[in-house]
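# return a 3D structure for these sequence lines:
(2 chains)
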2 protein chains.
Amino acid sequence: MKTKKQLNLSAQETNKLIAAENRKFFSENGIFAVNIIGSPGCGKTSILEYIVNHFDGNFAVIVGDVKTALDSDRIIQSGHKNAYAIETGGGCHLTANMISQTLEEMDIKNMDYLFIENVGNLVCPSSFDLGENLKIAVLSIPEGDEKVRKYPSLFLRAAAVIINKIDLLGLMDYDIKRVKSDCLAHNPNVKIFETSAKTGKGFDQWFQFLKEQRK
Amino acid sequence: MKTKKQLNLSAQETNKLIAAENRKFFSENGIFAVNIIGSPGCGKTSILEYIVNHFDGNFAVIVGDVKTALDSDRIIQSGHKNAYAIETGGGCHLTANMISQTLEEMDIKNMDYLFIENVGNLVCPSSFDLGENLKIAVLSIPEGDEKVRKYPSLFLRAAAVIINKIDLLGLMDYDIKRVKSDCLAHNPNVKIFETSAKTGKGFDQWFQFLKEQRK
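Model (predicted):
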């Protein structure tokens, strides 16, 4: 058998092929996959912890990181057994192949949702399809309000944007109206949620959205 | 003339060659170049604004962004004429070639320091030498205290680490001792500065360090 490497495909072409296989796998197994992308420190893992503790559904979690399994350890410690870590070893984004390999290890019985935390990075992960059903962008108040304009690629592709650490709004300069209008300028159909993984604000609406999308 | 592309060098090999040329150019022209790297929203541009308003020396500024010249506009608005923008058009880091091309446009007379704000990204910019004299990593309190462990590549290479938004310490969970000890574990010679671009805290020490390094 010829491997994809021998076929001389570019990294992006290979990724597209494997992403399509992942998408087929998700569809055939009734799994709704969510690819969560945002800057380092915007709160992706805290959002996953909130999901683990409050999301009413059968799900697994894949946590991507450049180095260390600190984040997946946090998830496992919060009581969820179906959490897997991918360490990219320097790579700045997850690839469809990393997901495909991890799926082989996973227990997919009764898995209705798969939440994937990508590497903390607003640029590269947006260009690598993992075969997910939804791409979610995470922003956070302390990052400042110009990120959507400065990193457009993600916001052209994300079906929903989470503005996290909303409990800090008011403590720092952040024009949330501007952020929302920038999001809508990139994608008029985008759904925007204001959340705090500390207080739980906004998660009910986001969970509701996920369930509607899965139908 | 054969271009570097025709010579069939990899992107990294080409980058190394041009970085070496930049380094020679800086040395011959008495320019001390500083490459500032950190996550989106960690405060790189606010740090540059503080430099523009308070740094006692002749300097220019290059601001890299994926899209828009919002950051260089902020710098120009703050009164500094010698500011240049590089828009990478989707690229996740600056390259030595981008710097080299920008240098051709710049007025280098009486330029003693060049401050380069890299694209907001903790991963990719750390692998692309620009020919700089110093690589500076910027962290910020709201990002959380595990970034050094999770993104080691930058912290192995940075001569100094700035822990910014120090005015927010106490408002959120952040174990600053752990961060410092992680930095030292990656590079025992690293200098660590605690700064706030809002209050000006820590900048005197950092400016002093830069001047000592330039000697």
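# need the contact list for the residue nearest the centre of chain A.
Residue closest to the mean C-alpha point of chain A, counted by Cα atoms, centre = their mean, is A:Ile36 at 1.0 Å. Residues near A:Ile36 by Cβ atoms under 8 Å, 6 or more residues apart in numbering or on different chains: A:Lys44, A:Ile47, A:Leu48, A:Phe115, A:Ile116, A:Glu117, A:Asn118, A:Ile136, A:Val138. C-beta coordinates here come from the backbone N, C-alpha and C atoms, glycine included.
# let's see it at 10 Å
When contacts are counted by Cβ atoms under 10 Å, 6 or more residues apart in numbering or on different chains, A:Ile36 touches A:42, A:44-45, A:47-48, A:51, A:61-64, A:115-118, A:125, A:132, A:134-138, A:158, A:162.
# in helices, which of the residues you listed fall?
Counted as lying in helices by DSSP state H, out of those, are A:Lys44, A:Thr45, A:Ile47, A:Leu48, A:Ile51.
# and for the closest residue to the third one other than its chain neighbours, the neighbour number?
Read it as A:Ile47. Spatial nearest neighbour of A:Ile47, excluding adjacent residues (Cβ to Cβ, 6 or more residues apart in numbering or on different chains): A:Ala197 at 5.3 Å. Other residues within reach of A:Ala197 by the criterion other Cβ atoms under 10 Å in any protein chain shown amount to 24.
# isn't A:Ala197 right next to A:Gly43, touching?
Yes - contact criterion Cβ atoms under 10 Å: A:Ala197 and A:Gly43 qualify, at 5.5 Å.
# give the residues shared as contacts by those two.
Jointly contacting A:Ala197 and A:Gly43 under the rule Cβ under 10 Å, 6+ apart are A:Glu49, A:Tyr50, A:Ser140, A:Ile162, A:Asn164, A:Lys165.
# so for the residue nearest to A:Ile47, what's the pLDDT?
The model reports A:Ala197 with a pLDDT of 95.
# doesn't it belong to a helix?
No - using DSSP: H, G, I helix; E, B strand; the rest coil, the assignment for A:Ala197 is coil, not a helix.
# measure it to B:Asn29 for me?
49 Å (Cβ to Cβ, to the nearest Å).
# count of neighbours near A:Lys215?
A:Lys215: 5 surrounding residues under other Cβ under 10 Å.
# actually A:Ala11, not the one I wrote
A:Ala11, neighbours per other Cβ under 10 Å, totals 11.
# without its sequence neighbours, what residue ends up closest to it?
Per Cβ to Cβ, 6+ apart, closest to A:Ala11 is A:Thr95, 7.8 Å.
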